[in-house]
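K.L.:
here is a sequence together with a model predicted from it:
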Amino acid sequence: MPYRSSLCLMVSLVREGRVSPSELVEAHLRQIADRNPALNAFVEVWAEPAREEARARQEQMTRGEPLGLLHGVPVTVKDSFDVAGMPTRAGSRLRTGHRAAADATAVARLRGAGAILLGKTNTPELLASYETDNFITGRTNNPWNVTRTPGGSSGGEAAAIAAFCSPAGIASDGGGSIRVPAHFCGIAGLKPTPGRISGTGHFPALGYPAGLTTVAGPMARSAQDLRLLFSALAGYDPQDPFSAPVPLREPAAAGLRIGVWERFYGVPVEDEIRAAVRQAAALLAGLGFAVDEFAPQGLERAPNVWAFLFNRWPMAATRKLLEGREAEAHWTLAENLGAEPPSVEQVLSNLAARDHMRASLLRQMESVAAVAMPVCGITAFPHRQRTWEIEGKQIGLFQAMMPAVLANVLGLPAVTVPFLKSRDGLPIGVQLLGRPYEDELLLELAVRLEGARGTWSGA
C-alpha cells in the first residue's frame, strides 16, 4: 500500500523505479474515493490533470532529466493558495467567479520540485475559525472520529493527510491553523518563521497586517517529511514583503538546552496533554539534551495582542468585503465579526506591546533553543463545542488556544509532532517553539523526538 508510506519513502520509491508516479496517483485517488465521502476534506479533486502530470513525470525520468526533491509524488493544496486557472474560494461565496491567473509561489515551488497536485482542501469561510465548515463545500470531519472537528483553518488539509488521501501539502497558519489541525488529526505541521516560505498568491493576502501573524507552511505525517517539504518551499520571494533571503542551513543540535512549559501560565490544559509534554521532555533528555522547566515572564497579554492583530485590526477590510451581504456570512465567520474597528492609537499600542514581548522572550531564550509545550489545551472537540471543564474551571476556545497563538503574535517558528493517543482514542500532539530563523534546528529536534517516540499509526 504505497499511499500509506511517508513522503520521503515515496520519493525514494519513485527514484528507484519501485513505484511509478501513475501508480502513486491512482492509489491516492482510490483512497480519496473511499475516505472522502465521510470526511469531506476536499474542495476539488483533479483526477485527470493529476494522471496527465504523473505520465509527464514518468517521461521525464525515462529521458534521464534532472529530478526535483518531490519528483512524481502527489500533494494537496489548502484552498487559500492560487493554482493557475482554478478558483481560490477560501470557503466563501464572496469569491464566486474567481479564477487564479498564476500559481501561488509555494504552489509553483511544489510543482518545480516535481510534485503532482491532487486537489484543493477545505477551509472555513475566509479562514476565520478553528472549525472547517462553509456554505460551499460544507463541514469537514475528523478521520479519527467524524463527530469531531479536524480543526481549522487547515482542517481539510489535515484530514486528507491523516486519512492517507494525501501524503503532504501546503497550508497556512495565523493562529495555530496548521498546528492545531495537525494536533487534532495526528499529523505533523510547521509554522515557519515569517519570511522563510513565501505567502505570495495566498488569499487573504499576506501583506500588512495579515502577514504579521499568518504564514504559509507545510503539513505531512512526520517531521522528516516536513523537513523535505521545507527544503523545497523555503527561499526568498521579492513579491512577498515579509520574505527574507535566508539560505537553508545545516543545524548544529549538540549541547542544546530545551525548556518545558506545560501550560500558558494558569490557563487549564487537559491532563493527558500535559502528560504528553512531560513524556516528550523525558525523551528529549534521553537524547542528551539539557531539559528543564521554562517559565517565561511578561507574556500574559500575548493572546490578547494576537486577537487584536489577527481579528480586530483586519475586521474593517472584512466588513467592507461583506458590505450589503452580511446575512450571507457563514457562522464560522460571523462569530468573529463583533469587534469595532480600532483607532490608530490602539494599533500603535498593540504593535509596540507585541515588539516588547517578542524582545523580552528572545532575551529569555538566549540559552534555550526550543520550548516543549502543548499545541493547545484540548483534543479534537465535537463540532461547534465552545466551552470545556478542565481542572475544575470552565474555559472557552480563546483560552484553549492560547499556547498556539504565541508563535503567531511573536513571529516565531513552531512545529507540531504527533505523540500520544487520549483515553478517547484521539491524537495528541506536542509543540516545539523555536527562535526566529532557526527553522532547520527546530525540524531537526522534531525529527529526533519522533524517532525516540517510535512508530505512529494513522487514522
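P.N.:
Arrived safely. As the structure is a computational prediction, the values presented were derived from the model and not from experiment.

K.L.:
what residues of stretch 317-329 count as buried?
P.N.:
By neighbour count on 16 or more other C-beta atoms under 10 Å, the buried set for stretch 317-329 is T318, L322, A329. All C-beta atoms are positioned from the backbone trio N, CA, C, and that covers glycine.

K.L.:
cool, and stretch 8-24?
P.N.:
Using 16+ other C-beta under 10 Å as the test for burial, stretch 8-24 gives C8, L9, M10, V11, L13, V14, V19, S20, P21, S22, E23, L24.

K.L.:
same check on stretch 66-74?
P.N.:
Quick answer for stretch 66-74 (16+ other C-beta under 10 Å): L67, G68, L69, L70, H71, G72, V73, P74.

K.L.:
helix or strand next in line after the lengthiest helix in the chain, which one?
P.N.:
Secondary structure assigned by DSSP state H gives helix 344-364 as the longest helix of the chain. Next in sequence after helix 344-364, counting helices and strands by DSSP states H and E, comes strand 370-374.

K.L.:
may I have that next one exported as CSV, CA atoms only?
P.N.:
The C-alpha trace of strand 370-374 is given here as CSV (Å, rounded to 0.1, in the frame of the first residue of the first chain):
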residue,chain,number,x,y,z
ALA,A,370,13.4,25.4,21.9
VAL,A,371,10.4,25.1,24.3
ALA,A,372,8.3,21.9,24.5
MET,A,373,4.7,22.9,25.2
PRO,A,374,1.1,22.0,24.4
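
K.L.:
quick one: mean pLDDT over it.
P.N.:
If you average the pLDDT over strand 370-374, you get 98.

K.L.:
who does it pair with, and is each partner parallel or antiparallel?
P.N.:
strand 257-260 (parallel), strand 427-434 (antiparallel) (DSSP bridges).

K.L.:
picking that back up, so of the buried residues of stretch 8-24, which ones are in helices?
P.N.:
Short answer: the buried residues of stretch 8-24 in helices (DSSP H) are C8, L9, M10, V11, L13, V14, P21, S22, E23, L24.

K.L.:
check whether the first one really touches A223, as I assumed.
P.N.:
No: judged on C-beta atoms under 8 Å, C8 makes no contact with A223 at a distance of 10.6 Å.

K.L.:
just name the most buried of the strands paired with strand 370-374.
P.N.:
Comparing those by mean neighbour count (mean count of other C-beta atoms under 10 Å), strand 427-434 comes out on top with a mean of 26.

K.L.:
quick one: that one to helix 344-364, angle?
P.N.:
Relative orientation of strand 427-434 and helix 344-364, computed by axes from the mean of the first three to the mean of the last three C-alpha atoms, to 10 degrees: 90 degrees.

K.L.:
downstream of strand 427-434, the next helix or strand is which one?
P.N.:
helix 439-453.

K.L.:
sorry, back to before: which one of the buried residues of stretch 8-24 sits closest to A407?
P.N.:
The closest of the buried residues of stretch 8-24 to A407 turns out to be C8 (C-beta to C-beta; 25.1 Å).

K.L.:
lowest average confidence, helix or strand, in this structure?
P.N.:
Across the helices and strands of the chain, mean pLDDT, DSSP states H and E gives its lowest value to helix 315-322, namely a mean of 80.

K.L.:
and that one, how far out from the chain middle?
P.N.:
Distance of helix 315-322 from its chain centroid, counting by C-alpha atoms, centre = their mean, to the nearest Å, is 25 Å.

K.L.:
put the alpha carbons of it into CSV.
P.N.:
C-alpha atoms of helix 315-322 as CSV (Å, rounded to 0.1, in the frame of the first residue of the first chain):
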residue,chain,number,x,y,z
MET,A,315,-12.0,43.4,10.5
ALA,A,316,-12.6,46.7,8.7
ALA,A,317,-11.5,45.1,5.5
THR,A,318,-13.6,42.0,6.1
ARG,A,319,-16.7,44.1,6.8
LYS,A,320,-16.1,46.1,3.5
LEU,A,321,-15.9,42.8,1.7
LEU,A,322,-19.2,41.7,3.2
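
K.L.:
now do the buried residues in the next helix or strand after that helix.
P.N.:
As assigned by DSSP H and E, the chain's next helix or strand after helix 315-322 is helix 331-334. Within helix 331-334, the residues that count as buried by 16+ other C-beta under 10 Å are T332, L333, A334.

K.L.:
quick one: contacts of helix 331-334?
P.N.:
91-92, 124-126, 128-129, 131-134, 152, 318 (C-beta atoms under 8 Å, 6 or more residues apart in numbering).

K.L.:
now do the end-to-end distance for stretch 162-173.
P.N.:
End-to-end span of stretch 162-173 (C-alpha to C-alpha, to the nearest Å): 18 Å.

K.L.:
re the thing from before, so of the contacts of helix 331-334, which ones are in helices?
P.N.:
Using DSSP H, these in helices are T318.

K.L.:
most neighbours among the contacts of helix 331-334, which one?
P.N.:
Using other C-beta atoms under 10 Å as the neighbour test, those are led by T132, with 35 neighbours.

K.L.:
would you agree that one is in contact with R148?
P.N.:
No: contact between T132 and R148 fails when scored by C-beta under 8 Å: they sit 11.6 Å apart.

K.L.:
which SS state does I395 fall under?
P.N.:
strand (DSSP: H, G, I helix; E, B strand; the rest coil).

K.L.:
and the two most separated of the ones in helices among the buried residues of stretch 8-24?
P.N.:
C8 and S22 (20.1 Å).

K.L.:
for F294, give me its contacts.
P.N.:
G259, V260, W261, V368, V371.

K.L.:
can I get these in a markdown table including distance to L287?
P.N.:
Below are the contacts of F294 laid out as a markdown table (distance: C-beta to C-beta, whole Å):
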| residue | distance to L287 |
| --- | --- |
| G259 | 15 |
| V260 | 14 |
| W261 | 19 |
| V368 | 16 |
| V371 | 16 |
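
K.L.:
nearest to R55, of the buried residues of stretch 66-74?
P.N.:
Closest to R55 out of those is G72 (10.4 Å), distances taken as C-beta to C-beta.
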